[in-house]
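J.: only the shape, not the letters, is given here:
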């Protein structure tokens, strides 16, 4: 059963470009991980909404494998400055029950 992880991140005004650039710079790295299916970075359209970083995995164990990998450590080694984000958001984990695509 597929497994989805959403990370909701509230990015403060003026730091959006920096936030997005970090993902663009590492594009193609996560897809080398065993069990990786897809990743989306969703830009909010409302002032109060967070960015959502969504990853899909073949299962929870694949996700945990990535979290324990050297690539994960490298991807998170140089965080954004503290003033770039604000409290709220967080990690949500889901199993896909129903999926439809065109």
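T.: Looks like it came in fine. Note that the structure is a prediction, hence the values are computed from the model and not measured.

J.: average pLDDT across stretch 36-51?
T.: Here stretch 36-51 scores 92 as its mean pLDDT.

J.: pull the residues that contact it.
T.: Residues outside stretch 36-51 that contact it (CB atoms under 8 Å, 6 or more residues apart in numbering): 2, 8-11, 16, 19-20, 23, 30-31, 52-58, 62, 66, 88-89. Placement of C-beta: from N, CA and C, glycine included.

J.: need the longest helix for this protein.
T.: In the chain, assigned by DSSP state H, the helix with the most residues is helix 16-25.

J.: buried sites along that helix?
T.: By 16 or more other CB atoms under 10 Å, the buried positions in helix 16-25 come out as residue 19.

J.: give me the neighbour count for the residue lying closest to residue 86 once chain neighbours are set aside.
T.: Excluding the flanking residues, the one nearest residue 86 by CB to CB, 6 or more residues apart in numbering is residue 10, at 4.7 Å. By other CB atoms under 10 Å, the residues close to residue 10 number 15.

J.: fine by me, thanks again.
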